[in-house]
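A.B. asks: let me see the structure of the following:
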Amino acid sequence: MRFRPESNEYNAYFKPYVDMVPEGDIIEILVQQEKETKDLLKNLTDEEARFRYEAHKWSIKQLIGHVADTERVMSYRLLAIARGDTTPLPGFDQDAYVEQAAFDEWPLEELLKNFSAVRASTVHLLKGLRDADWTKMGEANQSPLTVRALAYIIAGHERHHRNIIQTRYLQSPRFPHA
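C.D. replies: A predicted model of the protein is given here:
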């Protein structure tokens, strides 16, 4: 049941994320993404990772922390729905999470370890699902959502932000190359 979710399995807000995920086994895609993201960022200095391409935008460090936090939230939703919990799950304020986390104070290496730990946890959770679990439907942020849609949203969200790091941050003429 690791097939791409149908459009009725998630809120239309998430369609761009789902559409960003290439064809293939979603678990393998998630594993490969973690390697690609770490390879992209591992040689940045802490100064470079605090770069913001505009004054009001998050830094690279904040983006990495945001991706990990969002994956934690989405993985919890995935776990709850897969285990048959019918409790409607709340939304979350991503800006408040980033503001409260002080990611710019974290060493980049620790942010990348954090991301890897979260991704490993997600992958192990997905590997343990039965076929029937992938299509279970729940509710999060007042919208219906399936387990497989959440797996694709996690992958698409990470890809979205990695693309932004590559295009708006690392290619910015103001980026402080070491």
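
A.B. asks: any idea which helix or strand carries Pro144?
C.D. replies: Assigned by DSSP states H and E, Pro144 falls within strand 143-146.

A.B. asks: show me what that strand is packed against.
C.D. replies: Packing partners of strand 143-146 (3 or more Cβ pairs under 8 Å, 6 or more residues apart in numbering; DSSP states H and E): helix 60-82, strand 137-140. C-beta coordinates here come from the backbone N, C-alpha and C atoms, glycine included.

A.B. asks: out of these, which is the most enclosed?
C.D. replies: For the helices and strands packed on strand 143-146, ranked by mean neighbour count under the definition mean count of other Cβ atoms under 10 Å, the leader is helix 60-82 at a mean of 22.

A.B. asks: returning to what we had before: which residues touch the strand holding Pro144?
C.D. replies: Strand 143-146 is contacted by residues 5, 8-11, 13, 77, 81, 134-139 when judged by Cβ atoms under 8 Å, 6 or more residues apart in numbering.

A.B. asks: picking up where we left off before, looking at the helices and strands packed on strand 143-146, spot the one closest to Glu34.
C.D. replies: Nearest to Glu34, of all the helices and strands packed on strand 143-146, is helix 60-82, at 10.3 Å by Cβ to Cβ.

A.B. asks: quick revisit: list the buried residues in the strand holding Pro144.
C.D. replies: Buried positions in strand 143-146, judged by neighbour count with 16 or more other Cβ atoms under 10 Å: 145-146.
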